[in-house]
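**Q** no sequence for this one, just the structure:
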């Protein structure tokens, strides 16, 4: 299980957005695709350029969604 969060870079607000029954990396990929309108869950890529794993905590992933001004985070639930 993975929890997805979004942090608004302008305000600093953090919102709990979704829970996925996937490991963190596939969960953040699914969330990014679905947020941008791709609901074809069988065709998601294995990676998205810009996704990075925390250098200090295993299985914590981040993605800067620049056009929307948010940082997306995926943590084990």
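**A** Nice, thanks for sending it over. Remember, predicted model here, so these are calculated numbers, not experimental data. Numbers count the residues shown, from 1 in each chain.

**Q** all contacts plus neighbour counts: C-alpha atoms, from now on.
**A** Noted.

**Q** so where do the strands sit in the protein?
**A** Here the chain has its strands, by DSSP state E, at 2-8, 14-20, 52-53, 61-65, 70-76.

**Q** so which of those strands is the most packed in?
**A** Sort those by mean neighbour count, taking mean count of other CA atoms under 10 Å, and strand 70-76 sits at the top with a mean of 22.

**Q** mind giving me the packing neighbours of that one?
**A** Strand 70-76 is packed against strand 2-8, helix 24-35, strand 61-65, with contacts defined by 3 or more CA pairs under 8 Å, 6 or more residues apart in numbering; DSSP states H and E.

**Q** tabulate the ones you listed (a markdown table), appending mean pLDDT and distance to residue 46.
**A** Compiled in a markdown table, the helices and strands packed on strand 70-76 are given as follows (pLDDT from 0 to 100; distance: least, CA to CA, whole Å):
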| stretch | mean pLDDT | distance to residue 46 |
| --- | --- | --- |
| strand 2-8 | 97 | 17 |
| helix 24-35 | 97 | 7 |
| strand 61-65 | 96 | 14 |
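
**Q** what residue of this structure is the furthest out?
**A** residue 11 (18.8 Å; CA atoms, centre = their mean).

**Q** picking up where we left off before, which one of the strands of the chain lies nearest to residue 40?
**A** strand 14-20 (15.7 Å; CA to CA).

**Q** each with direction, which strands does that closest one pair with?
**A** Partner strands and pairing direction for strand 14-20 (DSSP bridges) are strand 2-8 (antiparallel).

**Q** any chance of TSV for the helices and strands packed on strand 70-76, columns distance to residue 52?
**A** Output for the helices and strands packed on strand 70-76, formatted as TSV (distance: least, CA to CA, whole Å):
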stretch	distance to residue 52
strand 2-8	14
helix 24-35	9
strand 61-65	5
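
**Q** centre-most residue in the protein?
**A** Short answer for the chain (CA atoms, centre = their mean): residue 28, at 3.2 Å.

**Q** now do it against residue 58, distance only.
**A** From residue 28 across to residue 58, the span is 15 Å (CA to CA, to the nearest Å).
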